[in-house]
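>>> Fold the following.
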Amino acid sequence: MPYDTVAVPLRHGLETVDILRLRGICGAVLSDGGGTRLLFLVPAGTAARWHLPGSSCTPGAAAGPDAGWLVAPQTEGGTLRATDPWVLRSALCEAAGTLMAGGFGPY
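Numbers count the residues shown, from 1 in each chain. I've put the predicted structure just below:
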């Protein structure tokens, strides 16, 4: 199954990962090699309809040579886990509100 990748700034992504993990719905997440962004795996086709300021979505799940997994890419059964794109969008919006309220935005 192919995947797309949603990229967000590091601080925003970390807050989003916390929200998704607390709810038990976080799919695979990569850290880019430069330490500036987090990359969320989402189902293929998401890039064609993704529109959320402060993030980008690109087709494919390619990562640079220095990228590392923040959240493991596979379940115990060996299947790759993607995050539902609309759940991710909601968590990104919630994380943005939390960061702004804490004086950490714009991120």
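
>>> Please, where are all the strands along the protein?
For the chain, the strands defined by DSSP state E occupy 3-9, 29-31, 37-43, 56-59, 68-71.

>>> Any idea which of the ones you listed gets closest to residue 103?
Nearest of the strands of the chain to residue 103, taken as CB to CB: strand 3-9 at 16.0 Å. C-beta coordinates here come from the backbone N, C-alpha and C atoms, glycine included.

>>> With just CA atoms, put that closest one into CSV.
Extracted in CSV, the C-alpha atoms of strand 3-9 (Å, rounded to 0.1, in the frame of the first residue of the first chain):
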residue,chain,number,x,y,z
TYR,A,3,1.6,6.4,1.3
ASP,A,4,1.8,10.2,1.2
THR,A,5,3.7,12.3,3.7
VAL,A,6,2.4,15.3,5.6
ALA,A,7,5.3,17.5,6.8
VAL,A,8,5.0,20.0,9.7
PRO,A,9,7.5,22.1,11.7
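
>>> buried sites along that strand?
Across strand 3-9, burial judged by 16 or more other CB atoms under 10 Å covers 3-8.

>>> ok, now how distant is the closest residue in space to residue 71 that isn't next to it in sequence from residue 12?
Excluding its sequence neighbours, the residue lying closest to residue 71 (CB to CB, 6 or more residues apart in numbering) is residue 29, at 4.1 Å. Distance, residue 29 to residue 12, using CB to CB, to the nearest Å: 12 Å.

>>> next one: residue 68
Following CB to CB, the distance that separates residue 68 from residue 12 is 18 Å.

>>> between these two, which one's more packed in?
Higher neighbour count among residue 68 and residue 12: residue 12, with 22 against 10, using other CB atoms under 10 Å.

>>> Report the contact partners of the more buried one.
Residue 12 makes contacts with 38, 54-55, 92, 95-96, 99, 107, as judged by CB atoms under 8 Å, 6 or more residues apart in numbering.

>>> Give me the pLDDT for it.
Looking at residue 12, its pLDDT stands at 94.
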